[in-house]
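*Asks:* Predicted structure and sequence below. I'll ask about it afterward.
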Amino acid sequence: QVQLVESGGGLVQPGGSVRLSCARSGIIFGPYNMEWYRQAPGKQRELVCTISSDGYMNYADSVKGRFTLSADNAKNTVYLQMNSLKPEDTAVYYCNARDSRGVDSWGQGTQVTVSS
């Protein structure tokens, strides 16, 4: 069973940066995607970006040019570098692993608050 643990959230000023981590343990059926979602208060959860097991990346238009994915396969960890943060980026950020069967495994989420 796959387990995910996110870390790195917190309070950051507008224009600032933060890096989120998603550490994966357990066996996952590949090929797979590692996905970052976010959910702001009163809004639906939205897909922010995806990195496939072969390194293909995709970003939502709202974060292109500001957010960057990377992966350390030796550590089974995916990172989300978030720059030029805006108040509208405030949300709980969730990591999800979707395996080749379409099975999702979610992390517990980490809060990112962008405020002065």
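*Replies:* Happy to help now that I have it.
*Asks:* show me where pLDDT drops low in this protein?
*Replies:* The chain contains no residues with pLDDT under 70.
*Asks:* what's the distance between the most centrally placed residue in it and Y56?
*Replies:* Against the mean C-alpha coordinate of the chain, by CA atoms, centre = their mean, the closest residue is W36 at 2.9 Å. To Y56, W36 is 15 Å away according to CB to CB, to the nearest Å. Glycine gets a C-beta too; all of them are placed from N, C-alpha and C.
*Asks:* and if you look at T113?
*Replies:* Distance from T113 to Y56, by CB to CB: 30 Å.
*Asks:* hmm, who's touching stretch 40-59?
*Replies:* Stretch 40-59 has contacts (CB atoms under 8 Å, 6 or more residues apart in numbering) with 30-39, 60, 63, 67, 69, 71, 78, 80, 88, 90-94.
*Asks:* Only the buried residues of that stretch, if you could.
*Replies:* Neighbour-count burial for stretch 40-59 flags V48, C49, T50, I51, S52, S53, Y59 (criterion: 16 or more other CB atoms under 10 Å).
*Asks:* same check, this time on stretch 98-111
*Replies:* Buried residues in stretch 98-111 (16+ other CB under 10 Å): R98, D99, S105, G107, G109, T110.
*Asks:* Among these, which ones are in strands?
*Replies:* Among the buried residues of stretch 98-111, the members found in strands (DSSP state E) are R98, S105, T110.
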